[in-house]
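S.K.: What follows is a predicted structure for the sequence shown.
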Amino acid sequence: MEKLLEEFSLGLFFWQLLLFVGLLLLLRKYAWKPILGAVEKREEGIKDALEAAEAAKKEMQNVTADSEKLLREAKVERDALLKEAREIKESIIAEAKEQAQVEGDKVIKQAQATIEAEKKAAVADIKAQVANLSVEIAEKVIKEELSDKGKQQKLVEDMLGDIKLN
Amino acid sequence: MRNSFFSKKLVAVIFLIAGFVSAQDHEGEEVETGAHDLKTEIKEYIDHHLLDSHDFNLYSYTTEEGEHKYIGFPLPVILWDNGLKVFSSSKLKHGEGVAEVDGNYYALYHNKIYKTDAEGTIEFGGHHGEETHTEDAFGEDLVVEDAHPTNEKPLDFSITKNVVFIIAVALLMFLVFRSMAKRYQKSTMPRGLGRFLEPLVLFVRDEIAIPNIGEHKYKKYMSYLLTVFFFVWVINLLGLTPLGVNVTNNIAVTFALAMITYFITTFTGNKNYWKHIFWMPGVPVPMKIILAPIELLGTFIKPFSLMIRLYANITAGHVVLMSIIGLMFIFKNWIGSPLSFLLAFALSLLELLVAALQAYIFTMLSALYFGMAVEEDHH
């Protein structure tokens, strides 16, 4: 210890302290800060780049998954659409058939009604014509009958006799 | 590169010993004391190597005339002695001359500057109740042990060898990390040296700061942790170069670093931290009273341990390494020298690891203390 104290040189201590602190301050400003700053910046850059790559990878996976999902959905939708179309087609056909049936029945019915009406009209006409013909025939017959007086007389009497009987 | 390091050291040691042996001859002493004195010489050399110096010497040798020659260059000496005194360390002549500045005289003794008279007389106070005796500063000062000069010591703020190295490391670090930071402005990818340094910066952040301080609070401590980590590491490594500068084996340097850690811990400590020191929750009141001074002392012991650990590890490494090199001159045979060379080689490799390890431990423990200071209450 005594030897150490004896060896201690104030001058050297002074210079060492002065020079070292000077060096420390200078290096801090001109070397350590820029160096550590640059290193840190680079490390940040690397970290960011790695993170970005990771994120991109994840996104890529997401996109693939999404597109697969979309594809699957599209297929399902297409199938659904096709099925629906088929159903619609069938229902349209069925409906059309039914309607055609109904329409046909209606036409047939109308036709029948018309026929019936025509028939009736024809029958009526025939009846009228038959009546007319009958009247005309009767007129002619009567005219023939009533061509002489005796016969007329006789007829009136017959008729009167009928009325009396009634 | 290691080989050149050793060879330079070897040359230095060889020349020193050669000079010493020749001096012994002149004084006509017995040859038997040579082995003991060789050990002393090596020990002195190691001690000298571990000390800070006012000159920037690469190595020294002694000429045949017994004159010391130094290869290097002088550094400025800055003293505060009733006013600022600045002069070149060449005036001190490596402890062999007296520098005269504004009518005052200064001389070096054991790498410390003392105020002397014109002849450079160093007064010694008896350390263990011994009688006071004087000795010439140019004289054989290796012999004197446990003696402390009583001369006045001016405040020494000299740009010593270690200060030069601290400045060099600071400049190097600033330039390197500034250029690294600039490259990041162009692209966030590291380029050039940044490729090597960025993992280290990230290591400090991810392995030291975040686990110890926590995800949210580590940022404000990063500047200190990074600076101290690289500073200690680089300066430890430079201590292993052939330049032979040991900065972190100066207690003043490690004290300064530990003090900064202490102040950062103290000034950023939150309520919870202080509560755990002065009024430890969850223990009975008498225990709280006992624990408070212990915990308070602990806040000083923690940075103190940082200081001692770094100092002791680096000093021990250098002492052991140099001792092993010195062994070559004691075992003057064909087994000892290669063995100690191999050992020294292996140890230098270990020292390379220790240099980084101590930087790591210092940073790691600082971070741990900061983490304690900002820990949130979990009760």
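M.R.: Structure received.
S.K.: Can you give me the end-to-end span of stretch B:156-167?
M.R.: End-to-end distance for stretch B:156-167: 17 Å, by CA to CA, to the nearest Å.
S.K.: contacts for that stretch?
M.R.: Counting by CB atoms under 8 Å, 6 or more residues apart in numbering or on different chains, the neighbours of stretch B:156-167 from elsewhere in the structure are A:9-12, A:14-16, A:19-20, B:52-57, B:75-80, B:89, B:112-113, B:235, B:238, B:243, B:245-247, B:250, B:253. Quick note: C-beta positions are derived from backbone N, CA and C, even for glycine.
S.K.: What subset of those is buried?
M.R.: A:9, A:11-12, A:14-16, A:19-20, B:52-57, B:75, B:77-79, B:89, B:112-113, B:235, B:238, B:245-247, B:250, B:253 (16 or more other CB atoms under 10 Å in any protein chain shown).
S.K.: Check whether the longest helix seen in chain A comes near chain B.
M.R.: In terms of residue count, the longest helix belonging to chain A (DSSP state H) is helix A:33-145. Yes. Helix A:33-145 is in contact with chain B by CB under 8 Å from any CB of the partner chain, via A:33-39, A:41-42, A:45.
S.K.: What's the mean pLDDT across that helix?
M.R.: The average of the pLDDT scores along helix A:33-145 is 91.
S.K.: Compute the inter-axis angle for the following helix or strand past that helix and helix A:33-145.
M.R.: Past helix A:33-145, heading to the C-terminal end, the next element that is a helix or strand (DSSP states H and E) is helix A:149-165. Angle, helix A:149-165 to helix A:33-145, by axes from the mean of the first three to the mean of the last three CA atoms, to 10 degrees: 120 degrees.
S.K.: same for helix A:149-165, what does it pack against?
M.R.: For helix A:149-165, the contact count by 3 or more CB pairs under 8 Å, 6 or more residues apart in numbering or on different chains; DSSP states H and E identifies helix A:33-145 as packing neighbours.
S.K.: now the helix it packs on: how far from the chain's centre is it?
M.R.: Here the centre of helix A:33-145 is set off from its chain's centre by 10 Å, with CA atoms, centre = their mean, to the nearest Å.
S.K.: other SSEs contacting that helix?
M.R.: Using 3+ CB pairs under 8 Å, 6+ apart as the contact definition, the elements that helix A:33-145 packs against are helix A:149-165, helix B:161-186, helix B:194-203.
S.K.: Would you map the helices across the stretch 1-150 of chain B?
M.R.: B:2-27, B:33-50 (DSSP state H, counting those that start in this stretch).
S.K.: Going by neighbour count, which residues of the helix or strand containing B:I260 are buried?
M.R.: Under DSSP H and E, the secondary-structure element containing B:I260 is helix B:251-268. For helix B:251-268, the neighbour count (16+ other CB under 10 Å) marks B:251-262, B:264-265 as buried.
S.K.: can you list the residues of helix A:33-145 next to chain B in JSON lines and add neighbour count?
M.R.: As requested, these are exported to JSON lines (neighbours: other CB atoms under 10 Å in any protein chain shown):
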{"residue": "A:K33", "neighbour count": "15"}
{"residue": "A:P34", "neighbour count": "18"}
{"residue": "A:I35", "neighbour count": "26"}
{"residue": "A:L36", "neighbour count": "20"}
{"residue": "A:G37", "neighbour count": "13"}
{"residue": "A:A38", "neighbour count": "22"}
{"residue": "A:V39", "neighbour count": "18"}
{"residue": "A:K41", "neighbour count": "12"}
{"residue": "A:R42", "neighbour count": "16"}
{"residue": "A:G45", "neighbour count": "11"}
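S.K.: from these, which is closest to B:K275?
M.R.: Nearest to B:K275, judged by CB to CB, of the residues of helix A:33-145 next to chain B is A:L36 at 31.5 Å.
S.K.: Test my guess that the closest one contacts B:L202.
M.R.: No. With contacts counted by CB atoms under 8 Å, A:L36 stays clear of B:L202, the gap being 9.4 Å.
S.K.: weakest of the helices of the stretch 1-150 of chain B in terms of mean pLDDT?
M.R.: Comparing mean pLDDT across the helices of the stretch 1-150 of chain B, the weakest is helix B:2-27, with a mean of 46.
S.K.: and the helix holding B:I260, does that touch chain A?
M.R.: Yes. Applying CB under 8 Å from any CB, one finds helix B:251-268 touching chain A at B:251-253, B:255-257, B:259-260.
S.K.: repeat for stretch B:216-224
M.R.: Yes. Stretch B:216-224 reaches chain A (CB under 8 Å from any CB) through B:219, B:222-224.
S.K.: can you name the two of those residues that are farthest apart?
M.R.: So for the residues of stretch B:216-224 next to chain A, where distance means CB to CB, the most widely separated pair is B:K219 and B:Y224, at 11.3 Å.
S.K.: anything in contact with each of these two?
M.R.: Contact criterion CB under 8 Å, 6+ apart; residues shared by B:K219 and B:Y224: none found.
S.K.: So for the two, which sits in the more crowded spot?
M.R.: Neighbours of B:K219 and B:Y224, each counted by other CB atoms under 10 Å in any protein chain shown, are more numerous for B:Y224; the result is 24 against 15.
S.K.: pretty sure that one is in contact with B:I260, am I right?
M.R.: Yes. Applying CB under 8 Å, one finds B:Y224 in contact with B:I260, separated by 7.1 Å.
S.K.: For B:G194, grab the count of nearby residues.
M.R.: Neighbouring residues of B:G194 were enumerated by other CB under 10 Å; the total is 22.
S.K.: mind listing what the closest residue to it other than its chain neighbours touches?
M.R.: What sits nearest to B:G194 in space, not counting adjacent residues and going by CB to CB, 6 or more residues apart in numbering or on different chains, is B:M180, at 4.5 Å. Each residue near B:M180 by CB under 8 Å, 6+ apart is listed here: A:31, A:35, B:190, B:192-194, B:197-198.
S.K.: Which one of those residues is nearest to A:Q99?
M.R.: For those, the closest approach to A:Q99 (CB to CB) belongs to B:P190, at 89.3 Å.
S.K.: Do I have it right that the closest one meets B:R183?
M.R.: Yes. At 7.0 Å, B:P190 counts as touching B:R183 under the criterion of CB under 8 Å.
S.K.: what about B:L368, distance to B:Y218?
M.R.: The gap separating B:L368 from B:Y218 is 12 Å, by CB to CB, to the nearest Å.
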